[in-house]
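Undergrad: have a look; sequence and predicted model below, questions after that.
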Amino acid sequence: MRRPRIKPEHEPYPVSDTTVRIGGGVEGIAAEITEPGGWLWSLIRAADGTASPDTIVRRVRRVHPKAPAAEVRAALNALIDGGYAEDAAAAVPPDLSAAEQERYEPRPRVPSDGRGGPAGQWCPGWPFRRQP
């Protein structure tokens, strides 16, 4: 993966100084990850699709110099292998039409408004309207 980005639909958030919840509340996807050194949240924030894995590790270690590079890289790989990240540098499949490319284009993060938050960006007719 050339430029890892945490998928916005997983909406990670810190639970404590050493624990991050990722994947929302969906059973089988959601997880609470604990990292005693306190650098996990920095890693997740650095995996924003703008940098290579090596650059991400350097960014985390700049803020957390005691974080072992091998552990930071292993944690990044675990997020990738767990399906929580996508490659922001991935090429568009050549067999997608222009309409399909627009449909599947990554959307920017939408802050939660208490009415469904980011899920609303995938729902047609958002906000929902009652039918007469």
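TA: Yes, it's here.

Undergrad: may I have the helix ranked longest in the chain as CSV, with CA atoms only?
TA: Criterion DSSP state H: the longest helix present in the chain is helix 69-81. C-alpha atoms of helix 69-81 as CSV (Å, rounded to 0.1, in the frame of the first residue of the first chain):
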residue,chain,number,x,y,z
ALA,A,69,9.7,2.0,14.7
ALA,A,70,9.1,-1.7,14.2
GLU,A,71,6.0,-1.7,16.5
VAL,A,72,4.6,1.4,14.8
ARG,A,73,5.0,-0.2,11.4
ALA,A,74,3.5,-3.5,12.7
ALA,A,75,0.5,-1.6,14.1
LEU,A,76,0.0,0.2,10.7
ASN,A,77,0.2,-3.2,8.9
ALA,A,78,-2.4,-4.6,11.4
LEU,A,79,-4.8,-1.7,10.5
ILE,A,80,-4.2,-2.4,6.8
ASP,A,81,-4.6,-6.2,7.2
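
Undergrad: quick one: mean pLDDT for stretch 12-27?
TA: Averaged across stretch 12-27, the pLDDT comes to 87.

Undergrad: which elements pack onto the longest helix of the chain?
TA: strand 4-6, helix 40-46, helix 53-63 (3 or more C-beta pairs under 8 Å, 6 or more residues apart in numbering; DSSP states H and E). (Glycine included, C-beta is placed from N, CA and C.)

Undergrad: of all the ones you listed, which lies closest to Glu100?
TA: Of all the helices and strands packed on helix 69-81, strand 4-6 sits nearest to Glu100, with 20.4 Å by C-beta to C-beta.

Undergrad: what sits up against the closest one?
TA: 12, 22, 44, 47-49, 53, 56, 76, 79-80, 84-88, 106 (C-beta atoms under 8 Å, 6 or more residues apart in numbering).

Undergrad: so after that strand, what's the next helix or strand?
TA: Later in the chain than strand 4-6, the nearest helix or strand by DSSP states H and E is strand 13-14.
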